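S.K.: For reference, the sequence and a predicted model appear below.
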Amino acid sequence: MVTAVSHAPDVAPVIIRPCSADDASPMYEAVRESLAELIQWMPWCHPDYSQHEARSWLRVQVQAFNERKWFEFAIVDANGRYLGQCGLNQFDEPNRRCNLGYWVRTSAAGRGVATRATRLLRDWAFEHTSLVRLEIVVATGNHASLRVADKAGAVREGVLRHRLILHGAPVDAVMFSFVR
């Protein structure tokens, strides 16, 4: 388990830990709470998102983590409340790079949770893998996620035209990176 240590007394600690099958219900609840925000930016999110989808996705993630194929973490607070998800995926093994992604439930947004989780995940990746580059790709209109990448200390490298497909349409995205 990895824990963020905050020096500010009014900032609660954030914990990232590998996903487990037990996260299905809390994850489903967080997604349902956050549909309006997630649907805009997360291609996997849709109005009929179900507990079955959460369980199926987590089953794959737990196996992938154990096989060291990709690494998904639950973001929780000190009381174990599920706040969101962060992970390393889309590995390019020959070039030792991957994508770093995150989302936080609506009721936890705007409190630095995603920023702290992103830093923890960066540190975990550079300590536990041979990756040399972590990329964060954010749609240009996703201002909250752009702020997270910037506040977490990722370097903004530029805008990539038509880099993402959202709701069937190509959108520009900002490329950020962390390097070892």
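M.R.: Here it is on my side, so go on.

S.K.: Spatially central residue for this protein, please.
M.R.: Nearest to the geometric centre of the chain sits Tyr102, at 1.6 Å (C-alpha atoms, centre = their mean).

S.K.: Who are the packing partners of the helix or strand it falls within?
M.R.: Using DSSP states H and E, Tyr102 maps to strand 97-104. When contacts are defined as 3 or more C-beta pairs under 8 Å, 6 or more residues apart in numbering; DSSP states H and E, strand 97-104 packs onto strand 82-92, helix 113-128, strand 133-139. All C-beta spots, glycine's among them, are computed from the backbone N, C-alpha and C.

S.K.: Buried residues, the first one. List them.
M.R.: Of the residues in strand 82-92, those scored as buried under the neighbour-count criterion (16 or more other C-beta atoms under 10 Å) are Tyr82, Leu83, Gly84, Gln85, Cys86, Gly87, Leu88, Phe91.

S.K.: quick one: low-confidence parts of this protein?
M.R.: 1-10 (pLDDT under 70).

S.K.: ranges for the helices of it?
M.R.: For the chain, applying DSSP state H gives helices covering 24-33, 35-41, 51-66, 113-128, 143-151.

S.K.: which non-adjacent residue is nearest Cys86?
M.R.: Tyr102 (4.1 Å; C-beta to C-beta, 6 or more residues apart in numbering).

S.K.: That neighbour: what's it in contact with?
M.R.: Ile75, Gly84, Gln85, Cys86, Gly87, Ala114, Ala117, Thr118, Leu121, Ser145, Val148 (C-beta atoms under 8 Å, 6 or more residues apart in numbering).

S.K.: ok, Asn142 to Gly80 distance?
M.R.: Asn142 sits 28 Å away from Gly80, taking C-beta to C-beta, to the nearest Å as the criterion.

S.K.: between those two, who's got more neighbours?
M.R.: Asn142 (20 against 10; other C-beta atoms under 10 Å).

S.K.: My guess is that one contacts Trp41. True?
M.R.: Yes. Using C-beta atoms under 8 Å, Asn142 makes contact with Trp41 at a distance of 4.9 Å.

S.K.: that older thread, looking at the contacts of Tyr102, spot the one nearest Ala21.
M.R.: Distances from Ala21 to these, taken as C-beta to C-beta, are shortest for Gln85 (14.4 Å).

S.K.: Distance of the closest one relative to Cys19?
M.R.: According to C-beta to C-beta, Gln85 and Cys19 sit 8 Å apart.

S.K.: tell me, what's touching these two both at once?
M.R.: Applying C-beta under 8 Å, 6+ apart, one finds that Gln85 and Cys19 are jointly contacted by Glu72, Phe73, Ala74.

S.K.: OK, contacts around the first one?
M.R.: Looking back up the chat, that one is Glu72. With C-beta under 8 Å, 6+ apart, Glu72 has these contacts: Pro18, Cys19, Gln61, Ala64, Phe65, Gln85, Cys86, Gly87, Leu88, Asn89.
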